[in-house]
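Student: Next come a sequence and a model predicted from it.
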Amino acid sequence: MNEASPPPVADPAHADIGIVCALKLEITPYLDRCDRIRKYTGGDFTFRGGLTGPDYDMRVVTVEAGTGPGRASRATQALIDAHTPRWVISAGFSGALQSDLKIGDLVIGNSIVDIAGDDLKVDVRMAADPKRGWHVGRLLMVEKIVRTVAEKQRLGEQTGAMAVDLESLAVARKCVETHTRFIAVRAISDDLSQDLPPEVLSVFGGSGTLRAGAIAGAVWKRPGSVKEMWRLREQAVTASERLAEFLQLISPTLAETAS
């Protein structure tokens, strides 16, 4: 008579869902909705893991990549190596390239393109819901922040993209390379109503963290920038809250499709 097989042992390192973001502030509201959050540092990246889902039985791990495609690619590889997630989500802020996108709207990428024309298709099986601020369409990845309305409009016309960010295509390429399921969800933090203040280009360090010295210097040189930077902060809070709501909603669905 064969003995019964022992029950499977849960792998504490494995994640159902991995999320790559650039900045802590992009993902904090979502992590606030998770349970048993733990933090650790791997190389020059910060990881946070916890439980999510209606019964808090799905494991999610986030990695803060910092800004730019190079760091996003390395962080994605580190996440996959350490936690073998069934799904990887590129999540964070983006700039609107189309006039109908508002602060807090979400763009789920069904393709991601770069300036060179490399276009990666993403199998997104959900319909847009503009009334809820959910849009499905093309994302554009660039290597530096697009600051002016005129430049955003030009890029939108040139590429047909709905929104622009600095990381999504790099994350997607790494997922294709490692045969990992992927989706990109970007929240609009700046629309086409006005230019970003010039100081925004200097306040972020290469690691994607806010540089206190640069902020203080910007305020000293142009006191009027205080109001503009505060407006950006409020827009970022709105975008991160909307992103958190969406991630909490889709996480169980993604986990089910990967089982």
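Tutor: Ah, there it is.
Student: Show me the strands in the stretch 1-150 of the chain, by range?
Tutor: 17-21, 35-42, 45-52, 58-64, 87-96, 106-114, 119-121, 134-141 (DSSP state E, counting those that start in this stretch).
Student: What residues does Arg36 make contact with?
Tutor: Arg36 makes contacts with Gly50, Leu51, Tyr56, as judged by C-beta atoms under 8 Å, 6 or more residues apart in numbering. Where C-beta positions appear, they are placed from N, C-alpha and C, glycine not excepted.
Student: Can you give me the distance of the first one to Ala22?
Tutor: When distance is defined by C-beta to C-beta, to the nearest Å, Gly50 is 19 Å away from Ala22.
Student: Of the contacts of Arg36, which is the most crowded?
Tutor: Compared across the contacts of Arg36, Gly50 has the highest neighbour count, 21 neighbours, by other C-beta atoms under 10 Å.
Student: I figured it hits Arg33, correct?
Tutor: No. With contact defined as C-beta atoms under 8 Å, Gly50 does not reach Arg33; the gap is 9.2 Å.
Student: what residue ranges in the protein are flagged as low confidence?
Tutor: 1-12, 199-226, 258-259 (pLDDT under 70).
Student: Regarding it, what is its longest helix?
Tutor: For the chain, the longest helix by residue count, based on DSSP state H, is helix 225-257.
Student: Tell me which other helices or strands that one touches.
Tutor: Packed against helix 225-257, as judged by 3 or more C-beta pairs under 8 Å, 6 or more residues apart in numbering; DSSP states H and E, are the following elements: strand 17-21, helix 24-31, strand 58-64, strand 87-96, strand 106-114, strand 181-190, helix 212-221.
Student: rerun that using 6 Å as the cut-off
Tutor: Other helices and strands packing on helix 225-257, by 3 or more C-beta pairs under 6 Å, 6 or more residues apart in numbering; DSSP states H and E, are helix 24-31, strand 181-190.
Student: These into JSON lines, with extra columns for mean neighbour count and distance to Lys152?
Tutor: Compiled in JSON lines, the helices and strands packed on helix 225-257 are given as follows (neighbours: other C-beta atoms under 10 Å; distance: least, C-beta to C-beta, whole Å):
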{"stretch": "helix 24-31", "mean neighbour count": "20", "distance to Lys152": "19"}
{"stretch": "strand 181-190", "mean neighbour count": "26", "distance to Lys152": "9"}
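Student: Val237: which of those is closest?
Tutor: Nearest to Val237 among the helices and strands packed on helix 225-257 is helix 24-31 (8.1 Å), distances taken as C-beta to C-beta.
Student: roughly how far out does the closest one sit from the chain middle?
Tutor: How far helix 24-31 lies from its chain's middle: 10 Å, per C-alpha atoms, centre = their mean, to the nearest Å.
Student: before we move on, what about stretch 61-80?
Tutor: Here stretch 61-80 is found 10 Å from its chain centre; the criterion is C-alpha atoms, centre = their mean.
Student: With just CA atoms, put it into CSV.
Tutor: C-alpha atoms of stretch 61-80 as CSV (Å, rounded to 0.1, in the frame of the first residue of the first chain):
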residue,chain,number,x,y,z
VAL,A,61,6.2,41.5,-4.2
THR,A,62,7.1,44.9,-5.3
VAL,A,63,10.5,46.3,-6.4
GLU,A,64,11.4,50.0,-6.5
ALA,A,65,13.5,50.2,-9.7
GLY,A,66,14.3,53.9,-9.8
THR,A,67,13.7,55.9,-13.0
GLY,A,68,14.7,54.9,-16.5
PRO,A,69,14.7,51.8,-18.6
GLY,A,70,18.1,50.5,-17.5
ARG,A,71,17.2,50.3,-13.9
ALA,A,72,13.8,48.9,-14.7
SER,A,73,15.3,46.1,-16.7
ARG,A,74,17.7,45.1,-13.9
ALA,A,75,15.1,45.3,-11.2
THR,A,76,12.7,43.1,-13.2
GLN,A,77,15.4,40.5,-13.6
ALA,A,78,16.1,40.7,-9.9
LEU,A,79,12.4,40.3,-9.1
ILE,A,80,12.0,37.3,-11.4
